[in-house]
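**Student:** need a 3D model of the sequence below.
(2 chains)
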Amino acid sequence: MRPIAAKYYDGRTSARRDVEVWIRPTGQVFVLGLDEPCEWPFSRVRVSDRIAQVPRTIAFPDGSLCEVADNDAVDGALAVLGERGFLTRVSAWERGWPWALGALVAVGLIVWGGIRWGAPWFARHAAETLPPSFDRALGQGGLEGLDRAFFEPSALPEPRQEEIRAHFSGMTAGIADGHDYRLELRSGGALGANAFALPSGIVVMTDELVELAEEENEIVAVLAHEVGHVRGRHSLRLLLQDSVAALLLVGILGDVSSASLIVASVPTLLVEAKHSRAIEAEADDFAYAWLEEHDIPTHHFGDLLLRLEAEHGGDGSFSYLSSHPPTRERARD
Amino acid sequence: MDLEAPARIVSAAPAAPVGAEAKPAERIERFEFRASGGEYFRIWIVNLLLTLATFGVYSAWAKVRRLRYFYASTSLAGSTFAYHARPLQILRGRLIAAALFGGYYVAGTIWAWGQLALTPVLLVAAPWMIVKSRLFQSRMTSYRNLRFDFREDYRGAYRTFLGLGLLAAVTLGLAYPYFTFARHRFVIAGSSFGQTPFAFGGRPRTFYRAYLAAALFVLLAGPATGVVAMSLSGAFTAAQQDAESPVAAALWMMGAFFVVYLGAYSLVQASTLNAALGSSSLGPHGLRSTLRGGRLFWIHLTNVLAVVGSLGLFAPWAHVRLARYRLASLQVLARGSFDEFKAGERSRTAATGDEMGEMFDVDFGL
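**Tutor:** Next up is the predicted model:
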């Protein structure tokens, strides 16, 4: 057992004294080098945890304190006294590169797994516990907003509208999941040929999409895809998923500088796009299943998708920012 | 450095103290920062793993370890700083804060007006939270076993943060430099080391000059960066035939805005901190701050790019880098010994209710 060099501060003034600290195996702590030597029982002394190589403190009951640079000596003395806590092990992990690299791999797996599976899993189960009124609240005002910005009333002749509405009611008559299923037809304006679903159960389809279809069953297929979105409560799940993923990312990256929010937004965009693609694929699955169940050839869905994409000027190429899977993949089913 | 005898060091010394017009016993004490990115990375990654594994509970311990590492790596005149908050205090504060924040968020999603209604409440509570937060941070920090302290001046806080903040908003930003000046003054003049209060000697006009320079920078650099971004974006979309080009173009523009914003922010931060700290003193000792906006901008920019490019792994190095530069730009103009400070009347072991302030610990850019 050797003396430990320390700097002593009495806590009443900022004066500094150089002293020696002895931590005896019998449990006494001596401080030598002051005007009068000090002695304390170890049980009343507080030694701070070790963190890397920074100096640690030994605090005495009278409010005075020693600053010690020789961490190894303190560790040795503590070991002899049998002091070993969880944080001792933590600081051992922090000092070894193998541990750190292992931790790095573990963190990578947790984060990747969390975003890929954890967030969607959580979102699905959380959505199940939330009542349909949540969906209604989410979609509130959506249609009104779109009507104000883009849409005109549908220009299709009334009997044609009735036909399409009949397809939709036939599809949704048997569904009793709390959603208020309703089909709205609009003239798409700047949005062109399009169809989407609001969380409350309102499905909107534009005249342009109706006119793009060459077969009645193509329209039916698209309606099935949109109903799939509502059935799956996709808006709610996307919201939950993206929030969890965003929280995770901000939590990790958030510490850097005041620009942390911007730093976190780039990966968040990528994550959101990926979640969106997964959910579109789910709606596709629902549509295909429905078509098969009703003995409708499934190629109708793919036909319309390809035509739709050509209409919007795409060439089937894929980017990590896409909200939909590549059309060729969707139509192949 | 022998501090027991105030040294009569004159300009011959290699430490280059302030010139002959200062008092003869003045010397420059620099901050030393011994932290390293690699060392901090190991702490950071273990913190992260344990935090994830405990669903965030360990984050309180992680914060204590982080701050203790940074504080104890910082030394002035041979003594290090110390951080005394206990993890359980912090955990309690964080749980309450999480509940409050969760409520705020949920209110926003269910009720369209939810967040709008809650925001005024937050604004009114902000000055109170700022005082509590400063209180906690100060009292948990010590140097040579003497704690720092903060004056619990709530009226002053409301006058400064709410009152002048509103004034800045109402005058469309013309009063904003004055608001910044008042904020710094409130925080610095309200702080003390032991029994000795800090003194603040800054003038509003220095802050106005700082913001004017930044505004000029934005006016000149803004359009130029925007043009560069647009042409880069155009080149990329032409090369890729990307159907998602509107998104890509938006990203490029965002990038340009970010760079310009960062430049202006760095300029302002450097000059306001230099002004605020450089005019402050503690007892007989003065402070000097020599931050440079350009260097700060460069550090921030490369930090952000490296962190994004490394998927976050560079974060610990970024943190250490920034702290090192900021400490290197701060010096104490010491006149006399550092042994003369006395402890305040508050006992060292008190400050339990103050952990309320911990959960409001927000970075006010100081």
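
**Student:** who in the stretch 51-200 of chain A is up against chain B?
**Tutor:** The stretch 51-200 of chain A has residues A:51-57, A:63-65, A:67, A:87, A:90, A:93-97, A:99-100, A:103-104, A:106-107, A:110-111, A:114, A:134, A:137-138, A:140-141 near chain B, with proximity defined as Cβ under 8 Å from any Cβ of the partner chain. Quick note: C-beta positions are derived from backbone N, CA and C, even for glycine.

**Student:** out of the residues you listed, list just those in helices.
**Tutor:** Of those, the ones assigned to helices by DSSP state H are A:87, A:90, A:93-95, A:97, A:99-100, A:103-104, A:106-107, A:110-111, A:134, A:137-138.

**Student:** out of these, which end up buried?
**Tutor:** Buried members of those, counted by 16 or more other Cβ atoms under 10 Å in any protein chain shown: A:90, A:93-95, A:99-100, A:103-104, A:106-107, A:110-111, A:134, A:137-138.

**Student:** now the strands for chain A?
**Tutor:** Ranges of strands within chain A are A:4-9, A:17-23, A:28-32, A:38-41, A:46-47, A:56-59, A:65-68, A:152-153, A:182-187, A:195-197, A:202-206, based on DSSP state E.

**Student:** also chain B?
**Tutor:** Going by DSSP E, chain B shows strands at B:26-33, B:74-76, B:79-83, B:141-143, B:146-150, B:191-193, B:196-200, B:280-282, B:285-289, B:330-335.

**Student:** nearest to A:Q241, of those?
**Tutor:** Across the strands of chain B, the minimum distance to A:Q241, taken as Cβ to Cβ, is reached by strand B:79-83, at 36.8 Å.

**Student:** and the angle for the closest one with strand A:4-9?
**Tutor:** Put simply, strand B:79-83 runs at 80 degrees to strand A:4-9, going by axes from the mean of the first three to the mean of the last three Cα atoms, to 10 degrees.

**Student:** contacting residues around the closest residue in space to B:Y178 that isn't next to it in sequence?
**Tutor:** Nearest residue to B:Y178 in three dimensions, chain neighbours excluded: B:P204, at 5.2 Å (Cβ to Cβ, 6 or more residues apart in numbering or on different chains). Neighbouring residues of B:P204 by Cβ atoms under 8 Å, 6 or more residues apart in numbering or on different chains: B:P177, B:Y178, B:F181.

**Student:** for chain A, give me the ranges with low pLDDT.
**Tutor:** When residues are selected by pLDDT under 70, those of chain A lie in A:249-268, A:313-322, A:332-333.

**Student:** any idea how far B:Y143 is from the closest residue to A:E67 other than its chain neighbours?
**Tutor:** Closest residue to A:E67 apart from its sequence neighbours, by Cβ to Cβ, 6+ apart: A:K7 at 4.5 Å. Plainly put, A:K7 is 12 Å away from B:Y143 if you go by Cβ to Cβ, to the nearest Å.

**Student:** can you list residues touching both of those two?
**Tutor:** Residues touching both A:K7 and B:Y143 (Cβ under 8 Å, 6+ apart): B:S79.

**Student:** is stretch A:8-24 in proximity to chain B?
**Tutor:** Yes - using Cβ under 8 Å from any Cβ, stretch A:8-24 reaches chain B at A:Y9, A:D10, A:G11, A:R12, A:T13, A:S14, A:A15, A:R16.

**Student:** now, among these, which is nearest to B:L277?
**Tutor:** Nearest to B:L277 among these is A:S14, at 20.3 Å by Cβ to Cβ.

**Student:** what ranges do the helices span in chain B?
**Tutor:** Using DSSP H, the helices of chain B run over residues B:37-53, B:59-72, B:87-110, B:114-139, B:154-157, B:165-170, B:176-190, B:204-240, B:245-278, B:293-309, B:315-328.

**Student:** can I get those in TSV with distance to A:Q241 and mean pLDDT?
**Tutor:** Shown next, in TSV, are these (distance: least, Cβ to Cβ, whole Å; pLDDT from 0 to 100):
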stretch	distance to A:Q241	mean pLDDT
helix B:37-53	18	90
helix B:59-72	22	91
helix B:87-110	14	75
helix B:114-139	21	82
helix B:154-157	40	93
helix B:165-170	36	88
helix B:176-190	39	93
helix B:204-240	28	82
helix B:245-278	20	84
helix B:293-309	22	90
helix B:315-328	24	93
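
**Student:** would you list the ones you listed in a markdown table and tack on distance to A:I175?
**Tutor:** A markdown table is the format used below for those (distance: least, Cβ to Cβ, whole Å):
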| stretch | distance to A:I175 |
| --- | --- |
| helix B:37-53 | 39 |
| helix B:59-72 | 44 |
| helix B:87-110 | 24 |
| helix B:114-139 | 30 |
| helix B:154-157 | 57 |
| helix B:165-170 | 51 |
| helix B:176-190 | 56 |
| helix B:204-240 | 42 |
| helix B:245-278 | 34 |
| helix B:293-309 | 44 |
| helix B:315-328 | 48 |
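
**Student:** can you name the residue of the stretch 101-250 of chain A nearest chain B?
**Tutor:** Residue of the stretch 101-250 of chain A nearest chain B, by Cβ to the nearest Cβ: A:A103 (4.4 Å).

**Student:** does that residue really touch B:L48, like I thought?
**Tutor:** Yes - counting by Cβ atoms under 8 Å, A:A103 touches B:L48, with 7.4 Å between them.

**Student:** neighbours of A:P25, just the number please.
**Tutor:** If you count neighbours by other Cβ atoms under 10 Å in any protein chain shown, A:P25 ends up with 11.

**Student:** which residue sits closest to it in space, ignoring its chain neighbours?
**Tutor:** Closest to A:P25 by Cβ to Cβ, 6+ apart is A:V80, at 4.9 Å.

**Student:** now A:L191
**Tutor:** A:F150 (5.2 Å).

**Student:** OK, contacts around the one you found?
**Tutor:** A:G188, A:G189, A:A190, A:L191.

**Student:** what is the nearest of those to B:Q269?
**Tutor:** Out of the contacts of A:F150, the member with the shortest distance to B:Q269 (by Cβ to Cβ) is A:A190, at 43.1 Å.
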